[in-house]
Structure formats: C-alpha cells, structure tokens
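*Asks:* predicted model, plus sequence, below.
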Amino acid sequence: MWETLKEDVMGYFSEFHNAGRIVKGANASFLALIPKVDNPQKIEEYRPILLINLMYKMLSKVLANRLKTVMDDLIGEQQSAFMGGRQLVDCVMVANEVLDEARRKKIKGFCFKVDFEKAYDRVSWAFLDYMLRRMGFNHVWCQWMKECMQSASISILVNGGTTKQFSPSRGLRQGDPLSPFLFLLIVEGLNGLISSAKEKGLLKGWKIGNGGIKITHLQFADDMIMFGRVEDSNVWVVKCIMRVFELIFGLKINFDKSLLYALNVEEEWVEKTAWSLNCRRGPLPFKYLEIPIGGNHRRLTFWRPLIQGFKNKLVSWKGKLLSFGGRVTLVNSVLSSLSVFFVSFFLVPKGVINELEKIRRDFLWGKKEGKGGISWVKWDSVYKPKEEGGLGVRDLRTFNIALLGKWWGRMAGKERGLWKRVLNTKYEVEEGRWLEWLSGKDNKIQQMGEWHNNMWQWMLTWRQRCMLLEAYQGGNLHSKVGILVAKRPTMRG
C-alpha cells in the first residue's frame, strides 16, 4: 500500500514545506451535527463534528508532534491540558487543596468558574498569529499555521447529502491534531493577563501554606476557575480581565453558564457580586471537570452521583440481553469509565464500597433487587485473574488504593508542577523528602523493600510470601462451577 501511495504523499508534504501551500481540496472537511439531547429544537442543542481529509490530518499530525516538543516551555503551569507530564487530575487536586486550606483558615474568598461560549469556533486567526510571533515562532512556521487555517473548506452533511462548500474566517476545527495546541497558545494570553494583574498586586488570590504561593486561577483547555479574596476591587479586576479578553482574543464568555461560589462570605455580598459579574451563583461543593470540589468525601451524599451512575449503567434489564461474558465486560468497563477520577482522589468509605459491590454482584449473577439469580462462587474468586480461574473483575478497594498510590509515586519522582509545589508548601515537606518519608525507619513499608532507580523493589522474602499466599488461596473458578453443576439434580422426562 505504501509503495503505491508514497509518491503522492511525499509530493504533498514537499509542496507544503517548500512552497507553504496546501493542494486545493486536500484540506476539505465535512461537518456533521450530532444531537446533544433526545429531541433537539435549537441549533445550540447540536454538537458539530468535523470529518477532515486524511492527507491533511497526516500533515497536521506531523506539525502537531513538532509543536508538542516546545509547548511545556511556552505554557504556564496553571494549564494542565494536552501536554506530557500534566494531567487533568492535577487541576482538581490543586482546587481541592486550595478550598480545604481556605476552609481551615476561614479565609473569605470567592471562586469564579468561567464558561467560554463555542471556544474553538470563536478563535481569532489574527490574534493567534500575534501570539505565535510574540512567543518567538519564525516567519515560516507562522505562514504554515496560517495556510492550515485559511485553506480549509467545509461542507455540511444534511440528510445524507452535502451543502455547498464554504471557507471559515475564524475558529479552530475540532478533529484537527493542531487545534488543541493552537488553542492553548490562545488562552495563554489570558493566563498572561491574570498573572500580570497578580504580580502588580491588582488581583489578590488565595494563599497556600507559609510558602507564599498564591493561586489566582487554574485552567484545563477552556475550563477555567478563578480564585480571589473578598474585595470589591478584586471583583472589578476580574470583570476587566474578562472584558479585555473578549475584545482582543476573540473568545466570548458565557455569563449565563458561568458560576460564582463564595466561602465564609455574607449572602448580601455574594448576591451583589453575582449581579456585578452578570452570572449565576452556585452552592458549595461544586463540580470542576466533573469531579466534586470542596465536598466531604466521608459522607454518603458525596458519593451519590457515583452510586447512581453505577445503577444506571448496570440496570437488571441490560443483563438479560447480554451473555455472561458480556456482563463481565460491562462490569469492568463501568468501573473504568465512571469511577476512575473519583477514586483517584479520595479513599472510598467502606459503606460505599459495599453498596457498589452489591450493584455489581446483582448485575453479574442476574439478580433483581437482590432476588433471583444464582451466585455460583464466592465473590472473592471472581476477583482472580483469568489465568487462575477467575473472571478478572477488579476489586474496588484494591483499585482505589492503587490509584491513590500513584500520587505517592509522582511525589517521590522527578515531576515538576504547580500541584507538587502546592502539596509541598501546604504540608511543609521539602522538595525530594517524600521519598525519605516513604522509606523512613518508622514506616512499615521500609521493612519490605527499597527504592531503586525510582521504582519500588520488594525484598525476596516478601515476594515469596505473596506467591505462597496466592498458592494457598484455594481453587479455581471453573472447578468450583463444575462441582456445583455436577451436584444439581438431573431433569428427567
């Protein structure tokens, strides 16, 4: 296949790199409208998805891979999206720690969760070109980016047919490998505005620990949250920054969906500030990136959304339409899709674990409200790997502990980031001392192994004990099921 296409593909790439042009029609795309709701009535209730030409996507991917190598030096530490070493969970970690600190010290503060309206669609190409040049990209690269945007053409798919092609005059196409990185360069301008206001003392953020770290904002692509002290001047600065951002950057703030949250503040001030910012007020705790911020994870109400999500996905009628293997697959996939971010941050209470396990058991064995169905083996046997006769179903408690353990690994490693500085400052741990804490003489884990090349190496005796424990844990699921089936009475005609 490559031998057949090689000459055309390489010619396409050479034309772009030498002349800075994309062959006409090679940057065409189809726009499909996907409903967001069951019965859409307005254009806002559709989600646009672009199907982009394969040749252009290959070129764009090559350029995106080049751009990715310098993004870490260009984007501020408050941004956590689309870059190696930065994760969605970092933003949420910092937000939770900031709110916890403010609550403990009874700081009067507000959070402003900003919602951008059609963020990708409103990007100004002129401002993007300005940001590229301001960040030091040479003329050739800027021309390449301009050609990638200006050569695009779009046709809308309607009832199986296509409309006449048109050329956009602004915006970034979702589905283009370059778009996420170019969007980060755009919103870095907003980061610069906020950071400048903080350095000049105009915007007062929330202070963490005794190390002097002040948090004014966090970003994950176009999801942004701002933190400020309860002062009228602070609110005025936030409003000015948002207005300047709209006028210059090309993006628009959706104030109807933006929310104001306040901590340790009088109701009168909250109402006045929400009116000033032209936004709605929201209660604490609230969700940021679909994860609760400022809640008490020891309470059952905190976990209700997760429990309800399990129930919705593992309802009994779905189990009747699936084979046993299908039910096993769904049980594991629901665990991964619904709970991974929740259990990455919080130790799940035992009562919640038991309730989630009951939902999974009833679904797997075909029970309805705990009735009917047959539990063929002990639930502990289901946890075992398939090679040992189990079904490979993940143990929720072990899954939770393993994900929480990743934070220790990241803290002991060489990662850098705002989240790490916040934890070091708040808990007064010097950089690099987390590893010492883990293997300290008072820590039982020190007796079981040692750290070597940034990896934990179990001592031989502990490895042997683990192997013996597995060997002593009886039986295999297939043999147990076989015994149960053999004991069942035979049906005679």
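*Replies:* Good, I have the coordinates. Numbers count the residues shown, from 1 in each chain.

*Asks:* who's in contact with residue 52?
*Replies:* By Cβ atoms under 8 Å, 6 or more residues apart in numbering, the residues touching residue 52 are 27, 29, 60, 173, 175, 176. Every residue, glycine included, has its C-beta placed from N, CA and C.

*Asks:* now the second one: phi and psi?
*Replies:* With angles defined as degrees, to the nearest 10, residue 29 shows backbone torsions of phi -150, psi 160.

*Asks:* so what's it closest to, chain neighbours aside?
*Replies:* Nearest non-adjacent residue to residue 29, counting by Cβ to Cβ, 6 or more residues apart in numbering: residue 52, 4.4 Å away.

*Asks:* hmm, back to that, between the contacts of residue 52, which sits nearest residue 152?
*Replies:* Within these, proximity to residue 152 (Cβ to Cβ) peaks at residue 27, which comes in at 5.0 Å.

*Asks:* and the gap between the closest one and residue 60?
*Replies:* According to Cβ to Cβ, to the nearest Å, residue 27 and residue 60 sit 9 Å apart.

*Asks:* cool, residue 357 as well?
*Replies:* Note on residue 357: its distance to residue 60, by Cβ to Cβ, is 45 Å.

*Asks:* for residue 362, same thing?
*Replies:* Look at residue 362 and residue 60: by Cβ to Cβ, they are 47 Å apart.

*Asks:* kindly report the same for residue 425.
*Replies:* Using Cβ to Cβ, residue 425 is found at 40 Å from residue 60.

*Asks:* cool, and residue 180?
*Replies:* 11 Å.

*Asks:* which residues of the stretch 1-150 of the chain fall in strands?
*Replies:* Secondary structure of the stretch 1-150 of the chain (DSSP state E, counting those that start in this stretch): strands at 28-35, 46-52, 109-114, 116-117.

*Asks:* what do you get for the stretch 151-300 of the chain?
*Replies:* Applying DSSP E, counting those that start in this stretch to the stretch 151-300 of the chain gives strands spanning 153-158, 161-162, 206-208, 213-215, 217-220, 223-229, 252-253, 259-263, 280-281, 286-288, 291-293.

*Asks:* go ahead and flag the most central residue of this protein.
*Replies:* In the chain, the residue lying closest to the centroid (Cα atoms, centre = their mean) is residue 88, at 3.9 Å.

*Asks:* check contacts around that residue.
*Replies:* 80, 81, 220, 289, 341.

*Asks:* pLDDT wise, what is it at?
*Replies:* Looking at residue 88, its pLDDT is 84.

*Asks:* for residue 176, same thing?
*Replies:* Per-residue pLDDT puts residue 176 at 92.

*Asks:* and for the one 5 residues further on?
*Replies:* Reading off the per-residue confidence, residue 181 sits at a pLDDT of 95.

*Asks:* now do the same end-to-end measure for stretch 27-43.
*Replies:* Counting by Cα to Cα, to the nearest Å, you get 25 Å between the two ends of stretch 27-43.

*Asks:* same question for it, mean pLDDT?
*Replies:* Averaged over stretch 27-43, pLDDT sits at 87.

*Asks:* only the buried residues of stretch 27-37, if you could.
*Replies:* Judged by neighbour count (16 or more other Cβ atoms under 10 Å), stretch 27-37 contains these buried residues: 27, 28, 29, 30, 31.

*Asks:* more neighbours: residue 357 and residue 60, which one.
*Replies:* For residue 357 and residue 60, the more surrounded residue by other Cβ atoms under 10 Å is residue 60, and the numbers stand at 20 against 15.

*Asks:* pretty sure the more buried one contacts residue 172?
*Replies:* No. Here residue 60 does not reach residue 172: they are 11.2 Å apart, not a contact under Cβ atoms under 8 Å.

*Asks:* of the contacts of residue 88, grab the buried ones for PyMOL.
*Replies:* Entered in PyMOL, the line below selects the buried ones among those, by 16+ other Cβ under 10 Å:
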select buried, resi 80+81+220+289
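
*Asks:* could I get the full set of helices for the stretch 51-200 of the chain?
*Replies:* Under the criterion DSSP state H, counting those that start in this stretch, the stretch 51-200 of the chain contains helices at 54-74, 88-104, 125-134, 139-150, 179-199.

*Asks:* got CSV for those helices, with distance to residue 267 too?
*Replies:* Listed next are those as CSV, based on distance: least, Cβ to Cβ, whole Å:
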stretch, distance to residue 267
helix 54-74, 42
helix 88-104, 18
helix 125-134, 39
helix 139-150, 47
helix 179-199, 27
